[in-house]
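> Starting from these lines, generate the structure:
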Amino acid sequence: MSVIYTITAELRDKFKEPFGLLIKGSFDQTMAKMREIKAQNPPKIIAVGDIVTKNLQEHEIPPDISIIDNQSMRKKIHPATYTLNIVRVENPQGTITKEAIKEVKKAVKEKTPIQITVDGEEDLLVLIAVLYAPENSVVVYGQPHEGIVLVKVSSKKKTEAAEFLKAMEKGSKS
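Numbers count the residues shown, from 1 in each chain. Predicted structure coming up:
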């Protein structure tokens, strides 16, 4: 496993702010918005996080890519399987590994749904998903106690993701 990026304390605070449009509300309210988005037929719907992935599945809006770590708010939850196409990667908390980047890049090219199960933490992979997803795709993740965050992939958002990555520490902390 090769760590490429490590988040800094300053960026950790910044990453707590929504990286896209915050949709506040209950699971039913946020999933109603996701139904509207699915009706627009984006190239890819990418879910990052266990709870948002579970809610999309339960509301019959299966994502093309789900990136989960079998945790919710740092607490273990029952492992879930949403597709037969499952890839496992290591990605320690607060980092982005070469392996995780490679698998997200491969997943956006897949025609069938894929689940990336992370040993570690998936949160920062939102940036990688935005960076490599086709334009007009939607990356969705949960904002604890508030709702979901929708990131419509555009050249502007790709640039923001790249800038965020550039500001991170390169490699692993020793």
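> got the buried residues for the helix or strand hosting Leu56?
Using DSSP states H and E, Leu56 falls within helix 50-58. Using 16 or more other Cβ atoms under 10 Å as the burial criterion, the residues of helix 50-58 that qualify are Asp50, Ile51, Val52, Thr53, Lys54, Asn55, Leu56, Gln57. The C-beta positions use only the backbone N, C-alpha and C, and glycine is treated the same way.
> doesn't Lys75 make contact with the first one?
No: here Asp50 lies out of contact with Lys75, judged by Cβ atoms under 8 Å, at a distance of 10.3 Å.
> pull the CA atoms of the helix holding Leu56 into PDB?
Taking Å, rounded to 0.1, in the frame of the first residue of the first chain, the C-alpha atoms of helix 50-58 are listed here in PDB:
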ATOM      1  CA  ASP A  50     -22.300   3.600   3.800                       C
ATOM      2  CA  ILE A  51     -25.500   5.300   4.900                       C
ATOM      3  CA  VAL A  52     -26.000   7.300   1.700                       C
ATOM      4  CA  THR A  53     -25.300   4.100  -0.300                       C
ATOM      5  CA  LYS A  54     -27.800   2.100   1.800                       C
ATOM      6  CA  ASN A  55     -30.500   4.900   1.400                       C
ATOM      7  CA  LEU A  56     -30.000   5.000  -2.400                       C
ATOM      8  CA  GLN A  57     -30.400   1.200  -2.600                       C
ATOM      9  CA  GLU A  58     -33.500   1.200  -0.400                       C
END
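> Can you name the residues in contact with it?
27, 30-31, 34, 45, 47, 62-63, 66-72, 77, 80, 82, 140-142, 148 (Cβ atoms under 8 Å, 6 or more residues apart in numbering).
> Counting by contacts, list what the following helix or strand past it packs against.
Sequence-wise, the next helix or strand downstream of helix 50-58 (DSSP H and E) is strand 65-68. In this structure, strand 65-68 packs against strand 45-48, helix 50-58, helix 98-107, strand 114-120, helix 125-132, with contacts taken as 3 or more Cβ pairs under 8 Å, 6 or more residues apart in numbering; DSSP states H and E.
> Centroid-nearest residue for this protein?
Closest to where the C-alpha atoms of the chain average out (Cα atoms, centre = their mean) is Val48, at 2.7 Å.
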